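Asks: coordinates only, no sequence provided:
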């Protein structure tokens, strides 16, 4: 029996190869894999001894040879195949163990040159793996170290790998090569924003307990080739496993949190911020964010952009939080938080939470919608003051409200006072209803709307929304503008002695 072994990742290779040798397999290998096996005292036949041809072109050509591929693809049950193998003195392989060059992890780094990425495009590996998977009726195609123990167990117990397992291994092998090729194709196609052929490749990170509802199965996948993903630098320090809804809300919270550099707290429920505030300290930011809408914050996902220290952990533990993410926790705070068995405590070591140039996808029947991610943030000097005068304090509140508003489901209205959200109207079919809800939310939780500012993610089609807010005491409005009735809206704002800023760009989020 023979096994062809050619791997980049040497994890678990020594015991796997030793197990094969003990079962009577001849191991054929090349390059670094052959050297590794020899260093561990294992007998190995070099590929060049099989092919009678040297490695060439700096290792680019070594396994691409009929004596290798015929041994992989030959069907011993077919007389013609067996005759050809016998005529040319080729012995078949029963096991082909190949894992591929780490193209996605290297090409995704910012400092990787084109030349470096191209050298990590594996040619021989995918060819051998696909050949073995095609011939799964006779060959076990092993492509991942996690498969080693199962393959060895079957060989020891039955003397062969079962057809059912070989078919499952072939499935994984073709999925691996397909994902590999898709990652390379996307890397080559980065110059074209929306190519004719869009190849997406994802790898499972974790199975999830269920989806949005208990009757839906779910899993979390990371995109191959992406520089980072939602949990790439996140460590869980306590609590239950993360759920589908936890991760969806965590993504929403991270998008809001990256808008701020000062101490900030972001509280999200059902993918919408319900309380956002900054403060002189992270403790102050938390208290103010929670006060924005303490009812909606029950069972929330929360992000703090400063470490949790001292008695702050005990204070947080008093509130029902589903998921808490912060850059660090000291021992005292962590111990207090870990008394809440269900609280998922996450430490975030990621210093760059965005992925420039990343696309957004939305599933539709039989396809997907693809768009640029809405990462734009308008600055004050690009905005137009349509009417009124605005002092520095109000400008700060307006910009704060605008940054939060773009992360609220449309139609979106955000009321802000002293760098604290006091009322949010989200996901309404009518913009005037979103205004009404924001005002009612603020009053329900004891906030005085008088002196607050309002942000709207898109223009006001009529003057009724602004009028409702102005009557409640709003002193400044920020919105994109562009409605046919902009003049009517400006007139009611001016008549109330308030101010209005036009950003020139909307931020729908459906």
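Replies: That came through fine. Remember, it's a predicted structure, so these values are computed and weren't measured experimentally.

Asks: what about the helices in the stretch 51-200 of the chain?
Replies: Using DSSP state H, counting those that start in this stretch, the helices of the stretch 51-200 of the chain run over residues 66-73, 79-87, 103-107, 114-119, 124-134, 148-158, 163-188.

Asks: the stretch 251-400 of the chain too?
Replies: Counting by DSSP H, counting those that start in this stretch, the helices of the stretch 251-400 of the chain are 282-292, 312-317, 331-337, 392-405.

Asks: including mean pLDDT, distance to residue 493 and mean neighbour count, could these go into a markdown table?
Replies: (Glycine included, C-beta is placed from N, CA and C.) Shown next, in a markdown table, are the helices of the stretch 251-400 of the chain (pLDDT from 0 to 100; distance: least, C-beta to C-beta, whole Å; neighbours: other C-beta atoms under 10 Å):
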| stretch | mean pLDDT | distance to residue 493 | mean neighbour count |
| --- | --- | --- | --- |
| helix 282-292 | 96 | 25 | 21 |
| helix 312-317 | 95 | 40 | 20 |
| helix 331-337 | 95 | 46 | 17 |
| helix 392-405 | 96 | 13 | 21 |
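
Asks: residue 68: neighbour count?
Replies: 25 (other C-beta atoms under 10 Å).

Asks: now it: how far from residue 23?
Replies: 21 Å (C-beta to C-beta, to the nearest Å).

Asks: and residue 122, how many neighbours?
Replies: Residues near residue 122, counting by other C-beta under 10 Å, number 21.

Asks: what about it, distance to residue 129?
Replies: Per C-beta to C-beta, residue 122 is found 9 Å from residue 129.

Asks: okay, and the common contacts of the two?
Replies: Shared contacts of residue 122 and residue 129, defined by C-beta atoms under 8 Å, 6 or more residues apart in numbering, are found at residue 100.

Asks: can you give me the strands in the stretch 251-400 of the chain?
Replies: In the stretch 251-400 of the chain, the strands defined using DSSP state E, counting those that start in this stretch lie at 264-269, 272-278, 300-304, 321-326, 344-348, 359-364, 367-372, 384-387.

Asks: tell me which strands the third one pairs with, and in which orientation.
Replies: It refers to strand 300-304. strand 264-269 (antiparallel), strand 321-326 (parallel) (DSSP bridges).

Asks: out of the helices of the stretch 251-400 of the chain, which gets nearest to residue 143?
Replies: helix 331-337 (39.4 Å; C-beta to C-beta).

Asks: pull the number of nearby residues for residue 214.
Replies: Residue 214: 8 neighbours (other C-beta under 10 Å).

Asks: quick one, domains of the chain?
Replies: Domain assignment of the chain by automatic domain parsing yields the ranges 2-190, 239-370, 380-502.

Asks: what about the shortest one, how long is it end to end?
Replies: Think domain 380-502. 10 Å (C-alpha to C-alpha, to the nearest Å).

Asks: and the second one, by the same measure?
Replies: Between the opening and closing residues of domain 239-370 we find a distance of 35 Å, counting by C-alpha to C-alpha.

Asks: show me what stretch 301-308 is in contact with.
Replies: 246, 249-250, 252-254, 256-257, 260-261, 263-269, 281-282, 285-286, 316, 321-330, 333-334, 337.

Asks: just the buried residues of those residues.
Replies: Buried members of the contacts of stretch 301-308, counted by 16 or more other C-beta atoms under 10 Å: 246, 249-250, 252-254, 256-257, 260, 263-269, 282, 285-286, 316, 321-327, 329, 333-334, 337.

Asks: so how far is residue 1 from residue 160?
Replies: As judged by C-beta to C-beta, residue 160 and residue 1 stand 9 Å apart.

Asks: quick check: neighbours shared by those two?
Replies: Common neighbours of residue 160 and residue 1 (C-beta under 8 Å, 6+ apart) are residue 94.

Asks: count of neighbours near the closest residue to residue 19 other than its chain neighbours?
Replies: Of all residues not flanking residue 19 in the chain, residue 152 sits nearest, at 4.4 Å (C-beta to C-beta, 6 or more residues apart in numbering). The number of residues packed near residue 152 is 18, by other C-beta under 10 Å.

Asks: surely residue 152 touches residue 16?
Replies: Yes - with contact defined as C-beta atoms under 8 Å, residue 152 reaches residue 16; the gap is 6.5 Å.

Asks: quick one: residues contacting residue 239.
Replies: Residue 239 is in contact with 323, 340-345, counting by C-beta under 8 Å, 6+ apart.

Asks: between these, identify the one with the most neighbours.
Replies: residue 323 (25 neighbours).

Asks: which residues does it contact?
Replies: 239, 242, 246, 249-250, 301-302, 343-344, 346.

Asks: beta partners of it?
Replies: For residue 323, the beta-bridge partners under DSSP bridges are residue 301, residue 344.

Asks: can you tell me how far it is from residue 121?
Replies: Taking C-beta to C-beta, one finds residue 323 at 39 Å from residue 121.

Asks: nearest spatial neighbour of residue 40, chain-adjacent residues omitted?
Replies: Counting by C-beta to C-beta, 6+ apart, the residue nearest residue 40 is residue 14, at 4.9 Å.

Asks: sec struct for the one you found, please.
Replies: helix (DSSP: H, G, I helix; E, B strand; the rest coil).

Asks: ok, now which ones touch it?
Replies: Residues near residue 14 by C-beta under 8 Å, 6+ apart: 36-37, 40, 42.

Asks: how does it look with 10 Å?
Replies: When contacts are counted by C-beta atoms under 10 Å, 6 or more residues apart in numbering, residue 14 touches 36-37, 39-42.

Asks: most tightly packed of the domains of the chain?
Replies: Stretch with highest mean neighbour count among the domains of the chain: domain 380-502 (a mean of 20; mean count of other C-beta atoms under 10 Å).

Asks: how distant is that one from the center of its chain?
Replies: 32 Å (C-alpha atoms, centre = their mean, to the nearest Å).

Asks: also stretch 2-9?
Replies: With C-alpha atoms, centre = their mean, you get 31 Å for stretch 2-9.

Asks: and it, what's its mean pLDDT?
Replies: For stretch 2-9, mean pLDDT is 88.

Asks: repeat for stretch 132-150
Replies: On average, stretch 132-150 scores 91.

Asks: surely residue 136 touches residue 129?
Replies: No - in this structure residue 136 lies outside contact range of residue 129 using C-beta atoms under 10 Å: 11.2 Å.

Asks: who touches both of these two?
Replies: Common neighbours of residue 136 and residue 129 (C-beta under 10 Å, 6+ apart) are 169-170, 173-174.

Asks: determine which two of the residues you listed are furthest apart.
Replies: 169 and 174 (9.9 Å).

Asks: what touches both of those two?
Replies: With C-beta under 10 Å, 6+ apart as the test, residue 169 and residue 174 both reach 129, 133, 136, 141, 143.

Asks: hmm, back to that, so which of the helices of the stretch 51-200 of the chain comes closest to residue 96?
Replies: Closest to residue 96 of the helices of the stretch 51-200 of the chain is helix 124-134 (C-beta to C-beta; 3.7 Å).

Asks: which helices and strands sit right next to that closest one?
Replies: Helix 124-134 sits against strand 2-7, helix 66-73, strand 95-99, strand 140-142, helix 163-188, with contacts defined as 3 or more C-beta pairs under 10 Å, 6 or more residues apart in numbering; DSSP states H and E.

Asks: picking that back up, what two of the contacts of residue 14 are the furthest from one another?
Replies: The farthest-apart pair in these, when distances are taken by C-beta to C-beta, is 36 and 41, at 11.1 Å.
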